[in-house]
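1. Fold the following for me, if possible:
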Amino acid sequence: MRRGSIRMSIKYQMWLTYNAEKEKIQLPVLPESFKTKNGSKNDSVNIAGLGEIVIIQSRPALQFSFSSFFPATKFPGLQVSSIKKPLSLIQKINSWKAGKKPVHFIATACGVDLYCTIEDFSYSEEGGDPGTYQYSITLKEYREIKVRQVKVDIPKAVATVKKEEPRIDNTVQPQTYTVVSGDCLWNIAKKFYGNGSQYTKIYDANRGVIGGNPNLIYPGQVLTIP
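-> As a prediction, this is how the structure comes out:
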């Protein structure tokens, strides 16, 4: 299993990172249970005189499932020193799921350090603790297609195979948006993030283009959407 660059100071931590670890979430509350599915794809055939024969195949991708919650307020036992708004964490995970890039999943006590796809992510706000969201998530091990290069030396009639295993790249290329008449940063943030209050992210990434006043943008300006 691959080792990430995040330094662990607590015995048991769980992390999800994205975009070459530029975006990170440390799960604030550890799940009560952690399910790992490690199945097999072995085939069995019946051969006359021998009976059932098992043909061993490569194992399928590992699958991890767990449930926990994003708290709205601090309480004893939190894994983090400060908490973030539950909805902002939910929005971030949803954007990663839609981003078509694997996330880096780290669970220190289990020795899990893998790139995974987010197969399922569901959440709900339940009564009794306003602003706190329960969630369940399923992650599946991501395996990059490995390219094999074959070099043939014709005079010596020798063929060698070189295997390359490049590091998985989950870097996200920034989007751009061209301002049109009637636009404002609030509406642009709502278009890309589903939340107009995220306009400060766009402004911070484009101060050199927009200038000192985020309320003044002009048609034709090209903005980077982080």
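
2. ok, longest strand in the chain?
-> Of all the segments of type strand in the chain, defined by DSSP state E, the longest one is strand 112-125.

3. which helices and strands does the helix or strand just after it pack with?
-> Next in sequence after strand 112-125, counting helices and strands by DSSP states H and E, comes strand 133-141. Counting contacts by 3 or more C-beta pairs under 8 Å, 6 or more residues apart in numbering; DSSP states H and E, strand 133-141 packs against strand 63-70, helix 86-98, strand 112-125. Where you see a C-beta, it was placed from the backbone N, CA and C, and this is true even at glycine.

4. right, and the ones you listed - which one's nearest residue 205?
-> helix 86-98 (15.3 Å; C-beta to C-beta).

5. Report all helices and strands that the closest one contacts.
-> Judged by 3+ C-beta pairs under 8 Å, 6+ apart, helix 86-98 is in contact with strand 14-18, strand 23-26, strand 63-70, strand 112-125, strand 133-141.

6. winner for burial among those?
-> Counting by mean count of other C-beta atoms under 10 Å, strand 14-18 has the highest mean neighbour count of the helices and strands packed on helix 86-98, with a mean of 21.

7. OK, contacts around residue 116?
-> By C-beta atoms under 8 Å, 6 or more residues apart in numbering, the residues touching residue 116 are 64, 102-105, 139-142.

8. repeat that for 10 Å
-> The contact partners of residue 116, by C-beta atoms under 10 Å, 6 or more residues apart in numbering, come to 16, 61-64, 102-105, 137-142.

9. Could you find which two of those are furthest from each other?
-> The distance between the two most remote of these (C-beta to C-beta) is 17.2 Å, for 16 and 61.

10. next one: phi and psi at the residue nearest to the spatial centre of the chain?
-> Nearest residue to the geometric centre of the chain (C-alpha atoms, centre = their mean): residue 103, 2.6 Å. Recorded main-chain torsions at residue 103 are phi -100, psi 160, according to degrees, to the nearest 10.

11. This structure - how does it break down into domains?
-> Taking automatic domain parsing as the criterion, the chain consists of the domains 14-141, 175-225.

12. and of these, who's closest to residue 167?
-> Nearest to residue 167 among the domains of the chain is domain 14-141; the distance by C-beta to C-beta comes to 9.5 Å.

13. now that closest one, how far from the centre of its chain.
-> A distance of 9 Å separates the centroid of the chain from that of domain 14-141, by C-alpha atoms, centre = their mean, to the nearest Å.

14. which residues does the residue nearest to the centre of the chain bridge with?
-> On the basis of DSSP bridges, residue 103 is bridged to residue 116.

15. And it, how close does it get to residue 12?
-> 19 Å (C-beta to C-beta, to the nearest Å).

16. Sweet, I'm off.
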